[in-house]
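no sequence for this one, just the structure:
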């Protein structure tokens, strides 16, 4: 899922990007007017441990792929003047 946040100016965009990075998002790409971010969490460590013991690591790989595909994506866009 991708959501778009629109802000008034460059400073507000940079502040919003910094806030999202502090929350665990990773910058995928950026330009002068917009920045694309993705949630960088790999999932719950508890689930990784459960899958490690129950599926000998195969469940971990599938769980990580699932979390990568379903990760929250955000576009922070600066309004055009």
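Received the coordinates, thanks. On a predicted model such as this, the values are computed, not experimentally measured, just so you know.

C-alpha from now on. contacts and neighbour counts both.
Noted.

Which residues does stretch 54-69 contact?
41, 42, 43, 48, 51, 52 (C-alpha atoms under 8 Å, 6 or more residues apart in numbering).

where do the helices sit along this structure?
10-22, 45-55, 58-69 (DSSP state H).

What are the contacting residues of the first one?
If you take C-alpha under 8 Å, 6+ apart as the criterion, helix 10-22 is touched by 7, 27, 33, 34, 35, 76, 77, 78.

Show me which of those are buried.
Buried by 16 or more other C-alpha atoms under 10 Å: 7, 27, 34, 35, 76, 77, 78, out of the contacts of helix 10-22.

Wait, the last one touches residue 6, no?
Yes. Applying C-alpha atoms under 8 Å as the test, residue 78 and residue 6 come out as touching, 5.7 Å apart.

Would you format the contacts of stretch 54-69 as TSV with neighbour count, pLDDT and distance to residue 22 included?
Shown next, in TSV, are the contacts of stretch 54-69 (neighbours: other C-alpha atoms under 10 Å; pLDDT from 0 to 100; distance: C-alpha to C-alpha, whole Å):
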residue	neighbour count	pLDDT	distance to residue 22
41	15	78	12
42	14	73	16
43	16	75	17
48	18	80	23
51	18	82	28
52	15	84	29
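
nearest to residue 2, of the helices of the chain?
Between residue 2 and those, the shortest gap by C-alpha to C-alpha is with helix 58-69, which sits at 11.6 Å.
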